[in-house]
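In: predicted model follows, preceded by the sequence.
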Amino acid sequence: MPGLFSAIDNMSAALQAFQQELSVTSNNVANVNTPGYSRQVAQLAEAPTSTYTAGAVMSIGNGVTVSSINRIQDMFLQQRTQTAASDTGRLGTMSNGLTAVQGMLNEPGTSGISDALSSFFNAWSGLASNPSDSSQQLQVQTTAQTLTQRVQTLNQSLNAQATQETQTIGTTLQSIQATVNNIASLNQQIHLGSTSSSQPIALLDQRDQALQQLSKLVDVQSQVNSDGTVNVSMNGLTLVDQTGAHQFPTTYSAANSTVTDVTGTSFPIRSGTLAGEFGLVNTIGAYKTQLDTLANTVTSQVNTVYATATDANGNTNQPFFNVTVPAGGAGSFALAPAIAASSSAIATGVTGKAADSSVALALSQLQNQSIAGLGGQTIQGYYTNFVSGIGTQVSYYNSQVTTQAAISTQISNQVQSISGVSLDDEMSHMLEYQRSYQAAAQSLSAFNSTMDSLMNMIK
Amino acid sequence: MRISTAFQYSQYTAGIQSTQQTLYNDQQQVETGKKINQPSDDPVGTSTIMSVSALKSAQTQYGTNLNTATGWLGETDNALSSTSNIVQSAYSLALQGASDTTTQQQRQSMASQISQYEASLLNIANSKSPTGSYLFAGQMTKTQPFTVAGSTLTYNGDTGSVMVEASANQTINVNTPGTPLLSNVYNQLESLRQNLLNNDQTAITNTDVGNMQSSLSAITMERGNVGAKMDTVKNLTADYTRRNNDLSTQISNVQDVNMAQAITDYQLANSAYQAALTVTSQGFGLSLANFIK
């Protein structure tokens, strides 16, 4: 039969348990703003009962114990958060990079290549109608210079952006490795800190944060082991396992969106900022190719017509735009030296007669010709499609980012709903534990006075 | 659904941010007056704006070219009109020269008058446009078209056309080459002068009077030709002015915002933003902690 002291033991255990609950609550309140923090609860359990025989076998409770302190989490949501982080990383990177490219175009407006193309052909039209007017020759020279400058500037900006993306890829690869190493070392500490009944909760939160960070960079898959550690892999490439961190390859192909390890095996990169950066390098490369095509086509088309002209000195078969072999694209798009040196060198007709404007007229009419090398489009049409193509891409990625943001918010709301700390919740818990603690303390005091009465009998 | 404190606060922030974003977009539309500030705002609209702008700028250039055409044709018409006056006067002299009552002395003085007409005609035939091109030299606009040695007129120009690009597939020939028209007129004046000098009444009667008439009708015909082209140019110019207005409207329809709509949207966004701020500021005050004393 249990004695009076067992009641005191019960109350003492209760006081301890309620204190622990209060301390868990205070920890929750303290971490209300900590990113990645999952609220914790102290799981109370009834202490093992004692049995005694008093006529019959009786069983009596021994109070309460804290069986474990758990963090409240939904593993499925954690996975979804990771996937969402990868997609957000990729789409955000694409959207930001392409928006920067779009800004370089200065379209629609009067400071872009489209306007320069119009002005250039219009200047030929003006010269064709005033062939012996030197101010019209100057106009052709000036507009041609503006055209070449704008194309070159866009080309340089695209190059700079591509270089920047390549540098960013290097930084991202370093970040991936650093995060992988971090996860592995957290794994190790979690392994050491784990017991059969408890796991180091703070380390788990940190590890989840690191995993989240890694997911943002590249699409990884993770699997939780029984001791709380995780194995991380990326589309078949093991990054973290029981043996620790593995090397993330630094050899990559942006065109294929893959990384290749030392054995020569390639692994696809499907999402994350790394995939976005690969995508940007490819897209910018494609834009550069289109710009090169434009520059080469304008050079060859104009030069072909211009070669038939005879200039004031009787020279024929002269270039208008600078010719490089092979065609140098947008980077070397420039006026031929003689044209750049003097606008009066610009010829207008086949015969070289002052008012023969046949060549100038043909060059003016070039703007309406569909050109096989540009897929049957006019020069202006090709460039317009180029610009609206970029606009479509930016608009596509912007709306994808918006959609993805909505998805992320929704997942994060769910995560918050389950794992987030609510101060009102914690306050009411605090009251509950406080009251329980007060009750236990009161009981203890009651037993104490009971004990007193007993002691007084002996006096 | 369980609402965590961080979630509650992030919802406040998200609410403020999204209403602020809408407010900013609407504000930008009202400020710039444009719906499309960059290609991604409306890729198809951007493409329309660029194509229509290119077309408009080409038409503006054609309009400028037409001004050049008007200049050439106008100056040519002036010159031909003066030429016509000269030939008219010469025709009167030829009629007088053919008359029986006219004396040899009178014919001599008429001859010297004709040589003045010839000088005037030569002057007209060698006239330049304001930009310094010879009007009647064909394509050799930098070469003086007519020179005279004794009584022989030499044409140094050619019969080439000076073209003006009037539209994407239309060019207008704006010049009148000095040969044959002005060369013939000059040579016929010269023939009249010689016959007057030689007091050859028969030749004047039989040839020169008729020559003057045919010169006059040739000039009139050419002036008609020039006038017809001027009409064409005038019509095209009017057409371009009208079409450029249409194109501007077309660009504006795609690019410009409907101000009434934009301002209404802006006010709406403003209200939504204020509502978000109010909700947030009231939410900040709510906490169980305030009620536990």
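Out: Thanks, I have the structure now. Given the structure is predicted, the values throughout are model-derived calculations rather than measurements.
In: could you use CA atoms for every contact and neighbour count after this?
Out: Noted.
In: surely residue B:247 meets residue B:54?
Out: No: Residue B:247 lies out of contact with residue B:54 (C-alpha atoms under 8 Å); the separation is 10.3 Å.
In: higher neighbour count, those two?
Out: Legend: neighbour count by other C-alpha atoms under 10 Å in any protein chain shown for residue B:247 and residue B:54, higher for residue B:54 (23 against 19).
In: quick check: the more buried one touching residue A:115?
Out: Yes: in this structure, residue B:54 is within contact of residue A:115 by C-alpha under 8 Å, at 7.1 Å.
In: helices along chain A, start to end?
Out: A:4-30, A:75-105, A:113-129, A:134-193, A:201-217, A:272-306, A:337-341, A:358-365, A:379-419, A:423-458 (DSSP state H).
In: before we move on, what about chain B?
Out: Under DSSP H, chain B gives helices at B:5-32, B:43-98, B:104-125, B:181-197, B:201-203, B:209-255, B:259-284.
In: domain parsing for chain A?
Out: Residue ranges for the domains of chain A, per automatic domain parsing: A:4-72+A:431-458, A:80-404.
In: quick one: mean pLDDT for the last one?
Out: To tie it back to what came earlier, the one meant is domain A:80-404. Averaged across domain A:80-404, the pLDDT comes to 92.
In: off-centre distance for that domain?
Out: 18 Å (C-alpha atoms, centre = their mean, to the nearest Å).
In: anything in that domain near chain B?
Out: Yes: contact of domain A:80-404 with chain B (C-alpha under 8 Å from any C-alpha of the partner chain) involves A:102-103, A:106-108, A:114-115, A:118-119, A:122, A:125-126, A:128-130, A:132-133, A:353-357, A:361, A:365, A:368, A:380-381, A:384-385, A:387-395.
In: give me the buried subset of those residues.
Out: Among the residues of domain A:80-404 next to chain B, those scoring as buried are A:102, A:106-108, A:114-115, A:118-119, A:122, A:125-126, A:128-130, A:132-133, A:353-357, A:361, A:365, A:368, A:380-381, A:384-385, A:387-395 (criterion: 16 or more other C-alpha atoms under 10 Å in any protein chain shown).
In: return the most buried member of the domains of chain A.
Out: Most buried of the domains of chain A by mean neighbour count (mean count of other C-alpha atoms under 10 Å in any protein chain shown) is domain A:80-404; its value is a mean of 20.
In: first to last residue in it, what's the distance?
Out: Terminal residues of domain A:80-404 lie 12 Å apart, using C-alpha to C-alpha, to the nearest Å.
In: run the chain-centre distance for stretch B:34-42.
Out: With C-alpha atoms, centre = their mean, you get 32 Å for stretch B:34-42.
In: span of it from start to end?
Out: First-to-last residue span, stretch B:34-42, C-alpha to C-alpha: 11 Å.
In: show the average pLDDT along that stretch.
Out: When pLDDT is averaged along stretch B:34-42, the result is 88.
In: touching chain A at all, it?
Out: Yes: using C-alpha under 8 Å from any C-alpha, stretch B:34-42 reaches chain A at B:37-42.
In: derive a ChimeraX selection command for the buried subset of these.
Out: Listed next is the ChimeraX selection for buried residues among the residues of stretch B:34-42 next to chain A, using 16+ other C-alpha under 10 Å:
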select /B:37,38,39,40,42
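In: on that earlier part again, export the domains of chain A to TSV and append columns for distance to residue B:220.
Out: Below are these laid out as TSV (distance: least, C-alpha to C-alpha, whole Å):
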stretch	distance to residue B:220
domain A:4-72+A:431-458	94
domain A:80-404	26
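In: quick one, which of these is nearest to residue B:142?
Out: Relative to residue B:142, the nearest member of those by C-alpha to C-alpha is domain A:80-404, separated by 6.0 Å.
In: residues of the lowest-mean-pLDDT helix or strand in chain B that come out buried?
Out: Lowest by mean pLDDT, DSSP states H and E among the helices and strands of chain B is helix B:5-32, with a mean of 87. Going by neighbour count (16+ other C-alpha under 10 Å), the buried part of helix B:5-32 is B:5-8, B:12, B:15-16, B:19-20, B:22-23, B:25-30.
In: the residues you listed: which ones sit near chain A?
Out: Near chain A, judged by C-alpha under 8 Å from any C-alpha, the entries from the buried residues of helix B:5-32 are B:5-7.
In: quick revisit: what's the closest of the domains of chain A to residue B:62?
Out: Proximity to residue B:62, assessed across these by C-alpha to C-alpha, is greatest for domain A:80-404 (7.5 Å).
In: quick one: contacts for the residue in the stretch 51-200 of chain A that chain B sits nearest to?
Out: Going by C-alpha to the nearest C-alpha, chain B is nearest to residue A:129 of the stretch 51-200 of chain A, at 4.2 Å. Applying C-alpha atoms under 8 Å, 6 or more residues apart in numbering or on different chains, we find residue A:129 in contact with A:357, B:65, B:68-69, B:162-165.
In: identify the residues contacting the closest residue to it other than its chain neighbours.
Out: When the adjacent residues along the chain are set aside, residue A:129 lies closest to residue B:164, with 4.2 Å between them (C-alpha to C-alpha, 6 or more residues apart in numbering or on different chains). Contact partners of residue B:164, counting by C-alpha under 8 Å, 6+ apart, are A:128-130, B:65-66, B:68-69, B:171-174.
In: do that again at 7 Å, thanks
Out: Counting by C-alpha atoms under 7 Å, 6 or more residues apart in numbering or on different chains, residue B:164 touches A:128-129, B:65, B:69, B:171-174.
In: which one of these has the most neighbours?
Out: residue A:129 (33 neighbours).
In: how about residues contacting stretch B:88-103?
Out: For stretch B:88-103, contacts defined as C-alpha under 7 Å, 6+ apart pick out B:107, B:110, B:114, B:196, B:201, B:204-205, B:208-209, B:212.
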